[in-house]
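In: Below: sequence and its predicted model.
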Amino acid sequence: MADFMGVEIIIIFVLILANGFFAASEIAIVSARRGRLQQQADLGKKGAQQALDLAENPDRFLSTVQIGISLISTLAAAFGGASISGPLAKWFTTIPPLAPYANTLALGSVVVLITYFSLILGELVPKRLALQTAERIATLVAPFMVTLSKIASPVVAMLTFSSNLVLRLLGQNVKRSQEVTEEDIVYLTHEATSSGAVEAGEEEFIERIFRFTDRPVNTIMTPRTEISAIEVDTPLDAVIETFLSSGNSRLPLYEDSLDNIVGVLYAKDLLQTRAQGGDVDLRKLARPPFFVSEYQHVDDLLTTFRRKGIHLAIVIDEYSQVIGLVTLEDVLEELVGEIQDEYDQPENNAFVRRDDGSWLVDAMTDQETVREKLGMPSLPANEHPNYHTLAGMILAHIGKIPVVGDKVVIDNFVFEIVDMDGRRIDKVLVRENKPVS
């Protein structure tokens with residue numbers, strides 16, 4: 001009798017371990033990263049491809065797992081209740097105070113023990129292991145689960161139909177959404193940065209990519225008031241001086257007004273023609289201008305720049321008036337951040353820290369640079385304003401023609417206009433909006 005009871009105990013432990021196998025399989029398949037499984041599948045690992053197939057059809061897979069777990073639980077209960085509790089009850093009868101309650105105590109003891117070992121060996125430990133090595137376990141268990149799914153397919157089909165029917169009666173969509181949103185990726189990247197798996201610079205680059213695809217050209221262009229351009233009748237010496245003073249290698253060529261741009265002058269073409277000793281006709285020397293709408297997305301513009309092999313575009317509004325200029329460098333800076341060259345204004349001149357802790361800032365500084373420097377929250381990846389400078393940000397909040405002394409509070413910072421260049425905001429004093437104690 002004791003030998004038979006020992007066999008039944010072994011059977012129960014085997015059933016508990018089998019339950020752990022199904023629990024680990026479920027967690028591993030569901031939580032395994034698709035990218036890593038796909039990499040292994042591309043290397044020819046059959047188990048990885050089967051794991052991907054199971055993940056793509058979760059209803060069938062989860063129904064198979066549930067059938068296995070339910071069957072194991074039923075068998076474990078049958079062996080425990082009918083076989084082990086009987087001998088245990090006889091033992092309790094040998095203790096006089098417990099004899100009247102022998103059957104109840106025996107059954108309760110068996111339930112507690114089986115539940116304990118089922119939770120530890122059949123649920124918690126297998127699931128923890130599956131979470132830690134999800135892709136490896138998913139690859140190992142996938143072939144067996146595929147075979148089991150085929151064997152249990154009639155029962156699985158019935159269960160899937162029944163569960164879908166109940167979901168429809170409850171007004172739920174039976175199709176499982178597999179879409180991954182930008183917000184999901186940004187959140188996961190932030191979590192990975194917090195855990196040290198991703199560096200802060202990599203997180204910023206990913207966020208810039210999402211902002212990049214949503215930005216219109218008018219948020220990164222050089223505004224019309226700051227365009228350096230050359231009139232067609234400008235003397236050659238003055239043209240060269242304009243190139244030198246602007247620090248640009250390409251400048252728009254216009255006739256009469258900036259709204260009539262007839263070409264783009266390249267410093268290289270100008271120098272080559274002059275070195276050859278020929279007459280310099282600016283109109284003939286200029287290359288055809290390329291115009292873009294102010295609402296065109298920056299990622300589309302980058303594609304156009306690459307396809308046409310150009311580095312500069314003239315930005316026009318809905319009335320075909322020139323409102324700005326955008327270069328390949330402007331586009332790339334949206335991805336990698338500010339690119340300083342020998343002609344750019346040093347950032348320490350654009351941002352001057354004062355003794356009292358405030359900042360004196362050039363109003364034409366990019367608004368994202370301002371937010372980053374001051375520690376202000378970044379705009380959401382799917383949100384873009386109709387401005388790209390600090391001056392534009394202030395104008396958007398102030399809602400009137402600015403004058404020296406105007407103040408506006410943005411994200412707990414006070415921005416005060418301290419200098420104007422005509423009607424243009426030139427310098428801004430920035431300080432934290434600390435409450436008065």
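Out: Now that the structure is in, tell me what you want to look at.

In: make it CA atoms for all contacts and neighbour counts henceforth
Out: OK.

In: All the strands of the stretch 101-250 of the chain, residue numbers only.
Out: Ranges of strands within the stretch 101-250 of the chain are 222-223, 230-231, 250-255, based on DSSP state E, counting those that start in this stretch.

In: Past the longest one, which element shows up next along the chain?
Out: Per DSSP states H and E, strand 250-255 leads on to strand 257-266 as the next helix or strand towards the C-terminus.

In: next SSE after that following strand?
Out: Next along the chain after strand 257-266, taking DSSP H and E as the criterion, comes helix 267-275.

In: can you state the direction angle for that next one and strand 250-255?
Out: Between helix 267-275 and strand 250-255, the angle comes out at 70 degrees (axes from the mean of the first three to the mean of the last three CA atoms, to 10 degrees).

In: Determine the set of other helices and strands touching whichever helix or strand comes after helix 267-275.
Out: Next helix or strand after helix 267-275 toward the C-terminus (DSSP H and E): helix 282-285. Other elements packing on helix 282-285 under the criterion 3 or more CA pairs under 8 Å, 6 or more residues apart in numbering; DSSP states H and E are strand 257-266.

In: could you dump the strand it packs on to PDB, C-alpha only?
Out: Provided in PDB are the C-alpha atoms of strand 257-266 (Å, rounded to 0.1, in the frame of the first residue of the first chain):
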ATOM      1  CA  SER A 257      12.600  91.300 -55.100                       C
ATOM      2  CA  LEU A 258      13.100  88.200 -53.000                       C
ATOM      3  CA  ASP A 259       9.800  86.800 -54.300                       C
ATOM      4  CA  ASN A 260      11.400  86.500 -57.800                       C
ATOM      5  CA  ILE A 261      14.200  84.100 -57.200                       C
ATOM      6  CA  VAL A 262      15.700  83.100 -60.500                       C
ATOM      7  CA  GLY A 263      18.500  80.700 -59.400                       C
ATOM      8  CA  VAL A 264      20.900  79.500 -56.800                       C
ATOM      9  CA  LEU A 265      24.600  80.600 -56.900                       C
ATOM     10  CA  TYR A 266      27.300  78.100 -55.900                       C
END
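
In: Give me the distance between it and the centre of its chain.
Out: With CA atoms, centre = their mean, to the nearest Å as the basis, strand 257-266 stands 40 Å off its chain's centre.

In: Just list what it packs against, helices and strands only.
Out: strand 250-255, helix 282-285.

In: mean confidence for that strand?
Out: For strand 257-266, mean pLDDT is 93.

In: swap in stretch 398-412?
Out: Here stretch 398-412 scores 88 as its mean pLDDT.

In: ok so, going back, take the strands of the stretch 101-250 of the chain and lay them out in TSV including mean neighbour count and distance to R215.
Out: Shown next, in TSV, are the strands of the stretch 101-250 of the chain (neighbours: other CA atoms under 10 Å; distance: least, CA to CA, whole Å):
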stretch	mean neighbour count	distance to R215
strand 222-223	20	15
strand 230-231	20	29
strand 250-255	21	24
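
In: Out of those, which gets nearest to V112?
Out: When the strands of the stretch 101-250 of the chain are compared for distance to V112 using CA to CA, the nearest one is strand 222-223, at 74.1 Å.

In: Dump the strands of the stretch 101-250 of the chain to a markdown table, plus distance to L265.
Out: Formatted as a markdown table, the strands of the stretch 101-250 of the chain follow (distance: least, CA to CA, whole Å):
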| stretch | distance to L265 |
| --- | --- |
| strand 222-223 | 17 |
| strand 230-231 | 8 |
| strand 250-255 | 5 |
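
In: quick one, which of those is nearest to D299?
Out: Minimum separation from D299 across those (CA to CA) falls at strand 222-223, 17.2 Å.

In: Just checking the distance from the closest one to the centre of its chain.
Out: When distances are taken as CA atoms, centre = their mean, strand 222-223 is centred 29 Å away from the chain's centroid.

In: so what does that strand touch, helix or strand wise?
Out: For strand 222-223, the packing partners by 3+ CA pairs under 8 Å, 6+ apart are strand 322-327.

In: Would you point out the helix or strand in this structure whose mean pLDDT is lowest?
Out: The least trusted helix or strand in the chain, going by mean pLDDT, DSSP states H and E, turns out to be helix 347-350, with a mean of 61.

In: neighbouring contacts of the next helix or strand after it?
Out: Note on helix 347-350: by DSSP H and E, the next helix or strand toward the C-terminus is strand 351-353. Contact with strand 351-353 is made by 359-362, as judged by CA atoms under 8 Å, 6 or more residues apart in numbering.

In: coming back round to it: mean pLDDT for the helices and strands packed on strand 257-266: which is lowest?
Out: Note on those: helix 282-285 shows the lowest mean pLDDT, a mean of 89.

In: tally of neighbours for Q367?
Out: Q367 is flanked by 21 other residues according to other CA atoms under 10 Å.

In: Does it touch L390 like I think?
Out: Yes: taking CA atoms under 8 Å as the definition, Q367 is a contact partner of L390 at 4.9 Å.

In: mind showing which ranges of the stretch 1-150 of the chain have poor pLDDT?
Out: Along the stretch 1-150 of the chain, segments meeting pLDDT under 70 span 1-6, 77-88.

In: where along it do the helices fall?
Out: Using DSSP state H, counting those that start in this stretch, the helices assigned to the stretch 1-150 of the chain run over residues 2-31, 34-42, 46-56, 58-79, 85-93, 102-119, 125-132, 134-151.

In: quick one, which of the ones you listed is nearest to S245?
Out: Nearest of the helices of the stretch 1-150 of the chain (CA to CA): helix 34-42, 51.1 Å.

In: for the closest one, which positions count as buried?
Out: Going by neighbour count (16 or more other CA atoms under 10 Å), the buried part of helix 34-42 is 34, 37-38, 40-41.

In: Adding distance to A229, write the helices and strands packed on strand 257-266 out as TSV.
Out: Converted to TSV, the helices and strands packed on strand 257-266 look like this (distance: least, CA to CA, whole Å):
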stretch	distance to A229
strand 250-255	5
helix 282-285	12
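
In: Any idea which of the ones you listed gets closest to V155?
Out: With CA to CA, the closest approach to V155 among those belongs to strand 250-255: 72.0 Å.
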